[in-house]
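Student: when you get a sec, could you give me coordinates for this:
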Amino acid sequence: MEDLKYTKTHEWVRVEGGEAVIGITDHAQAELGDVVFVELPAIGKVCKQETPCGNIESVKAVSDVYSPLSGTIVAVNDQLSATPELVNKSPLTDGWLFRIKLDDPAELASLMTQAQYEEYIQGLA
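Tutor: The predicted structure follows:
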């Protein structure tokens, strides 16, 4: 999806107005394996860029979810409490994690494009 931005910690970002929708990449969900639990941040929590704000538990491991941008959590994907496997089935759409109201839209410049992210994960192999 060309409108997404990416982080080195494998989160994606889609900006919608002054908010960003955040999830984990298809690469990340594949590496994690079957997701069994998602701990999401509380609505109203203030997150700083590149700091942990939740985690995802799979059959293999527990992995932190980092906030790609600074801001305040305005919504979380409540569906994930009952069906955490949405992160595996649809990481770029139905499996989104949270929405954040941006403090500093200029932080978007520090994120990778899809082409840059694909090059980055090729280098990890």
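
Student: how about the nearest residue to the spatially most central residue of the chain, chain neighbours excluded?
Tutor: Nearest to the mean C-alpha position of the chain, by CA atoms, centre = their mean, lies residue 23 at 2.7 Å. Using CB to CB, 6 or more residues apart in numbering and skipping residues adjacent in sequence, the residue nearest residue 23 is residue 96, 4.3 Å away. From N, CA and C alone the C-beta is placed, and that goes for glycine too.

Student: contacts only, for that neighbour.
Tutor: 21, 22, 23, 77 (CB atoms under 8 Å, 6 or more residues apart in numbering).

Student: before we move on, what's the pLDDT of it?
Tutor: At residue 96, the pLDDT value in this model is 98.

Student: so which strand or helix has it?
Tutor: Here residue 96 sits in a region with no helix or strand, counting by DSSP states H and E.

Student: any idea how far it is from residue 123?
Tutor: 26 Å (CB to CB, to the nearest Å).

Student: same question, residue 3
Tutor: Counting by CB to CB - residue 3 and residue 123 are separated by 24 Å.

Student: repeat for residue 63
Tutor: 20 Å.

Student: just want to know which of these two has more residues nearby.
Tutor: The neighbour comparison of residue 63 against residue 123 (other CB atoms under 10 Å) goes to residue 63, with 19 against 7.

Student: quick check: that one touching residue 52?
Tutor: No - contact between residue 63 and residue 52 fails when scored by CB atoms under 8 Å: they sit 9.8 Å apart.

Student: show me the contacts for the residue nearest to the centre of the chain.
Tutor: Counted by CB under 8 Å, 6+ apart, residue 23 has contacts 11, 12, 87, 91, 92, 95, 96, 97.
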